[in-house]
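Visitor: Coordinates only, no sequence provided:
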């Protein structure tokens with residue numbers, strides 16, 4: 001086993017035939033690569049799901065995980081490159097087989113023991129260390145195996161070894177299969193413990209296959225392919241930089257588009273794997289002599305997809321499935337564009353490991369930019385449009401007349417785009433609501449111009465960047481007051497254009513609102529009235545009132561109340577008398593915003609003595625020495641509810657902190673998931689009754705500030721539920737929905753039920 005050597009081929013003809021004639025080598029190589037990729041990309045969503053409860057279900061878990069995977073992939077490729085350079089055939093094989101044996105001793109996959117709670121600051125670095133300690137070695141071993149096997153095959157002298165890059169496409173086919181199988185087969189059918197056990201068995205089979213490949217190659221007696229000519233083996237620094245850039249842009253895009261799409265649904269491997277699967281599938285499509293879709297066709301399609309995306313209002317909630325599909329189509333086409341250029345610039349197989357080393361380094365750069373650097377330097381998800389703009393530079397003809405000429409042509413558009421961004425950054429002003437229609441008309445006109453100029457890549461790219469700037473920064477009807485980005489997402493405080501109300505958005509979902517002016521224009525005096533999901537008479541307000549009236553002990557109010565999730569602090573205004581309220585919030589930025597009366601006054605006016613506890617509620621609430629008469633679960637990550645807060649074990653933990661006649665209110669409003677049956681099953685597992693109430697206020701939400709809400713009350717008896725036992729819907733367990741536990745959860749069912757009904 002060895003990579004291509006620079007020395008001329010002196011292998012005896014009979015030895016060459018012994019390898020060339022065997023049918024086992026390509027079959028074994030493909031099977032081993034497929035299994036390697038399958039294991040590599042099953043471990044990613046599996047382990048990410050294991051650690052989600054430690055990070056409050058934040059979508060950023062996947063962004064950091066992706067950067068970790070790319071960094072270890074780079075280390076694996078570097079190991080493969082050095083192994084081929086430093087050792088001969090037998091020694092290289094023995095070293096790698098020894099690494100496989102050591103890795104097998106660390107299985108099964110599990111979270112590293114004695115790994116404490118994440119810190120309030122430096123969460124990304126903490127998570128990076130957790131991944132390294134838990135799955136660093138298995139992931140490294142599998143990462144190194146793919147380029148090693150391809151280089152060994154390239155050096156085998158086999159008649160099909162002239163283009164080992166086809167094996168890379170086969171490897172990515174295995175990766176795609178793994179990512180498709182995880183949400184459809186693995187996650188719905190197997191618990192996490194069962195998944196880890198099955199993965200260990202797969203690794204054992206993989207080790208046996210690598211040993212078999214080593215044995216078959218050993219029969220070749222050191223066979224190598226024909227040495228390349230000096231011209232084919234020359235690689236310049238410019239070539240390497242192009243490989244790095246063409247790999248970096250799609251790598252950053254897969255993280256950016258995933259963060260953009262999953263923030264409003266839920267942080268779950270089911271949704272994470274879709275962009276990553278498409279990313280890997282593009283390698284299968286183009287890394288072949290005859291790509292499934294030609295590079296020219298991809299370049300022709302790009303403008304028709306990018307144009308509507310560039311001018312669409314970011315965060316539109318109407319026709320959300322269509323919006324998601326559009327983002328995924330654009331992402332796929334731009335990735336095909338970059339990877340097609342990458343394959344066209346591939347070097348001779350002698351440089352195979354160097355090529356993969358450079359592309360892996362580019363992947364780390366792109367991932368680090370989107371997953372680590374961007375959240376630190378941008379207050380919003382601005383890396384997404386930036387990466388789309390950079391991907392457009394791969395369009396054929398962009399630099400046909402030289403970089404200087406292309407820059408000259410694009411300079412007017414770039415100047416306009418930068419001016420728009422600068423004006424917004426300095427003034428933070430938005431367009432008034434009265435200009436919404438003219439603004440949309442301008443965007444439609446811009447789309448038409450982009451499509452008209454699609455044959456001129458420089459002009460098209462300039463217009464697209466301008467459109468991206470417009471829709472990223474300028475939105476009619478709202479004026480931004482504060483934008484803050486943390487590990488847990490982007491928080492935006494905005495005023496309505498007429499100054500009547502102030503709203504808090506997490507991603508594209510409103511997390512609370514406070515009315516600033518009455519209908520007659522006078523400022524609101526006194527304690528603010530809860531709005532959005534928390535409006536008087538709504539399910540949450542009704543549930544709190546029912547719990548208070550259920551027991552004589554509560555006639556003067558509860559003794560203690562725990563609220564999981566702070567938002568704007570709206571629920572604080574339901575505090576009565578001497579009640580002691582505690583809010584458990586994982587995001588320090590939310591605490592900063594809600595407790596600042598310059599932004600919202602719910603806490604300062606209604607509950608100035610409320611206890612604000614920073615950290616994940618499953619840990620901090622369990623650590624509390626108190627017991628509570630009412631626990632309200634109101635934790636959201638944009639529109640998604642952290643899954644680990646709704647499992648059987650989570651509810652059992654809340655019950656241990658509940659007084660004998662206390663109740664739990666669970667806020668389950670979600671545009672994409674029907675979680676009511678899940679809560680009914682969890683309630684049955686704990687011997688509780690589950691009552692359901694849905695509120696549908698009339699009128700426009702921007703006028704009334706009231707939003708539809710869904711709430712489940714969990715109580716030990718009907719008497720503890722008070723009036724809710726008569727007026728709310730009693731829920732029965734749903735046999736069609738599985739019981740969610742810390743070891744098993746599946747969002748596919750709730751999503752399909754929300755979309756198509758039971």
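Guide: Happy to help now that I have it. Please read these numbers as outputs of a predicted model, since none were measured by experiment.
Visitor: Next, residue 491: secondary structure please.
Guide: strand (DSSP: H, G, I helix; E, B strand; the rest coil).
Visitor: How about it, nearest residue that isn't a chain neighbour?
Guide: Excluding the flanking residues, the one nearest residue 491 by C-beta to C-beta, 6 or more residues apart in numbering is residue 484, at 4.8 Å. Where C-beta positions appear, they are placed from N, C-alpha and C, glycine not excepted.
Visitor: wait, what's in contact with that neighbour?
Guide: 379, 490-492, 589, 592-593 (C-beta atoms under 8 Å, 6 or more residues apart in numbering).
Visitor: Any quick PyMOL command for the buried ones out of the residues you listed?
Guide: Command for PyMOL, covering only those of the contacts of residue 484 found buried under the criterion 16 or more other C-beta atoms under 10 Å:
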select buried, resi 490+491+492+589+593
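Visitor: Pipe the contacts of residue 484 into JSON lines and attach distance to residue 649 per row.
Guide: Converted to JSON lines, the contacts of residue 484 look like this (distance: C-beta to C-beta, whole Å):
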{"residue": "379", "distance to residue 649": "36"}
{"residue": "490", "distance to residue 649": "30"}
{"residue": "491", "distance to residue 649": "29"}
{"residue": "492", "distance to residue 649": "34"}
{"residue": "589", "distance to residue 649": "28"}
{"residue": "592", "distance to residue 649": "31"}
{"residue": "593", "distance to residue 649": "31"}
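Visitor: mind checking the SS state of the residue nearest to residue 491?
Guide: strand.
Visitor: Okay, it and residue 599: tell me how far apart.
Guide: Distance, residue 484 to residue 599, by C-beta to C-beta, to the nearest Å: 10 Å.
Visitor: Now list whatever residues contact both of the two.
Guide: In contact with both residue 484 and residue 599: residue 593, using C-beta under 8 Å, 6+ apart.
Visitor: Need the contact partners of stretch 596-614.
Guide: Taking contacts as C-beta under 8 Å, 6+ apart, the residues outside stretch 596-614 that touch it are 120, 481-482, 493, 502, 504, 512, 514, 526-528, 530, 566, 568-573, 575, 580-586, 588, 591, 593-595, 620-621, 624.
Visitor: Distance from the chain centre to that stretch, please.
Guide: Computed by C-alpha atoms, centre = their mean, to the nearest Å, the chain-centroid distance of stretch 596-614 equals 31 Å.
Visitor: average pLDDT for that stretch?
Guide: Mean per-residue pLDDT for stretch 596-614: 93.
Visitor: distance of residue 284 from residue 278?
Guide: 11 Å.
Visitor: repeat for residue 65
Guide: From residue 65 to residue 278 the distance is 18 Å (C-beta to C-beta).
Visitor: More neighbours: which of the two?
Guide: Using other C-beta atoms under 10 Å, the more surrounded residue of residue 65 and residue 278 is residue 65, with 26 against 19.
Visitor: list the helices and strands the helix or strand containing the more buried one packs on?
Guide: Residue 65 is located in helix 60-86, with elements delineated by DSSP states H and E. On a contact count with 3 or more C-beta pairs under 8 Å, 6 or more residues apart in numbering; DSSP states H and E, helix 60-86 meets helix 24-51, helix 89-104, helix 123-154, helix 237-262, helix 269-286, helix 352-368.
Visitor: quick one: average confidence on the fifth one?
Guide: For helix 269-286, the mean per-residue pLDDT is 76.
Visitor: Now do the following helix or strand past it against helix 269-286, angle only.
Guide: Of the helices and strands lying after helix 269-286 in sequence (DSSP H and E), the nearest is helix 295-311. Interaxial angle of helix 295-311 relative to helix 269-286 (axes from the mean of the first three to the mean of the last three C-alpha atoms, to 10 degrees): 150 degrees.
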